[in-house]
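In: got a predicted structure here, sequence first:
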Amino acid sequence: MMAPVAEFRSACSTEEAVTWLAELGADGCVLAGGTDVMMQYARHELGPAAFVHIEGIEELAGVGRDGVVRIGALVTHRRLAEDAALRTSNPALADAAATVGGWQTQSVGTLGGNLCNGSPAADSAPPLLVADATVELQSRAGIRRVPLEEFFLGRRRVDRRPEELLTAVEVEPLGSRQAEVYLKVGRRGAMVVAVVGLAARLSFDARGAIAAARVALCSAAPTPLRVRSVEQALVGLDAALPGWQDATSPSLRDGIDALMHAVSPIGDLRSSEAYRRAVLPGLLARAIEICRARAGVGVPEG
Ligand SMILES: Cc1cc2nc3c(=O)[nH]c(=O)nc-3n(C[C@H](O)[C@H](O)[C@H](O)COP(=O)(O)OP(=O)(O)OC[C@H]3O[C@@H](n4cnc5c(N)ncnc54)[C@H](O)[C@@H]3O)c2cc1C
């Protein structure tokens, strides 16, 4: 039997959207770019009484800077990939956005949609996690801020109530002597969901050793995750030492061991569990190398 056709409401402001979401409760469904929602609706995975279309709410589409970088929920992957200021302040997020689907998906898919969809493979999640992101959720009751690390509750489950709209994500920009990168392994170079993804934000000391590290993953557990045990193991690693990037070198070994303990990848259509585990050590070593190059450490001055 065909499901009843859902009502379609197009909101002009955040206030209008949250009023409708309060009225509809669990019968409402937020529709941003629709790249996930429309597929799920076509597959009968959801059947809301009404869609609340938010794509026209201009106040959710901006990027602001005031110590932290504030990115509106409706900022698209294309904008994240191309915005020159964002490429400087949060380059791993730009790296990740450039790998999402193809040009069409990037042009309409939004940051808020990527997070609220709750996929373990969300490409924007690892770079946001290493930037200590906080999500802002608005309802008629007010504003709630949730650290992104606590937002992901399980596969397709996030800490958002039906009456709440994700309005913005706040992230730390890169500091001095820091660099970051997002690396994605997929079955092809484009148009693919991540087999695994890894973001690293590293701080270097004056000699070029790692002074602090943040590392996060997607497609390696039921939710995107920050791997603090790996971060601790990497502190002090001096990537100027010959052979450091060999997976058996003592300097990298602790980080890889911690990584293997922290992940719980599954086997699915895109990859076996064993393959996901096998590519992670190389990804971590490459992320360190790229961060060193981007930070310009170890390069003689003058
Ligand atoms: C061909 C194709 C390729 C893809 N490739 C990738 C890929 O490589 N990597 C990747 O990570 N994703 C990929 N995706 C998934 C998708 O494009 C992204 O997750 C996208 O960012 C979703 O954004 P959207 O605006 O389209 O969200 P929608 O589809 O509009 O919404 C997604 C979910 O979030 C909710 N939602 C949306 N915005 C808000 C908000 N502001 N507040 C509260 N709830 C909200 C919706 O109710 C829904 O549950 C792909 C999709 C397609 C169709």
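Out: Arrived safely.
In: could you pull up the mean pLDDT of the longest helix seen in the chain?
Out: Ranked by number of residues, the top helix in the chain under DSSP state H is helix 273-295. Helix 273-295 carries an average pLDDT of 94.
In: now swap in stretch 82-91 and tell me
Out: For stretch 82-91, the per-residue pLDDT averages 97.
In: just the CA atoms of it, as CSV, please.
Out: C-alpha atoms of stretch 82-91 as CSV (Å, rounded to 0.1, in the frame of the first residue of the first chain):
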residue,chain,number,x,y,z
GLU,A,82,35.9,26.3,-1.8
ASP,A,83,35.7,29.1,0.8
ALA,A,84,39.2,30.5,1.0
ALA,A,85,38.9,31.6,4.6
LEU,A,86,37.6,28.2,5.7
ARG,A,87,40.4,26.5,3.8
THR,A,88,42.8,28.5,5.9
SER,A,89,41.1,28.1,9.3
ASN,A,90,39.8,24.5,9.0
PRO,A,91,41.6,22.8,6.0
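In: buried stuff in the longest helix of the chain?
Out: 276-277, 280-281, 283-285, 287-288, 290-292, 294-295 (16 or more other C-beta atoms under 10 Å). C-betas here are computed from N, CA, C, even on glycine.
In: quick one: contacts of it?
Out: Outside helix 273-295, the residues within contact range by C-beta atoms under 8 Å, 6 or more residues apart in numbering are 91, 177-181, 183, 185, 195-196, 198-202, 204, 208, 210, 215, 217, 219-220, 230, 234, 237, 239, 245, 247, 252, 255-256, 259-260, 263, 265-267, 298.
In: now do the contacts for the residue in the stretch 201-302 of the chain that the ligand sits nearest to.
Out: Nearest residue of the stretch 201-302 of the chain to the ligand, counting by C-beta to the nearest ligand atom: residue 218, 7.7 Å away. Residue 218 makes contacts with 120, 121, 122, 123, 125, 126, 194, 196, 197, 224, as judged by C-beta under 8 Å, 6+ apart.
In: which bits of this protein sit near the ligand?
Out: Selection of the chain residues close to the ligand by C-beta under 6 Å from any ligand atom yields 29-37, 39, 54, 73, 100-101, 105, 109-110, 112-114, 116-117, 121-123, 160, 165-166, 193.
In: put the buried members of the contacts of helix 273-295 into a PyMOL selection.
Out: Selecting only the buried entries of the contacts of helix 273-295 in PyMOL, with 16+ other C-beta under 10 Å as the criterion:
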select buried, resi 91+177+178+179+180+181+183+185+195+196+198+199+200+201+202+204+208+210+215+217+219+220+230+234+237+239+245+252+255+256+259+263+265
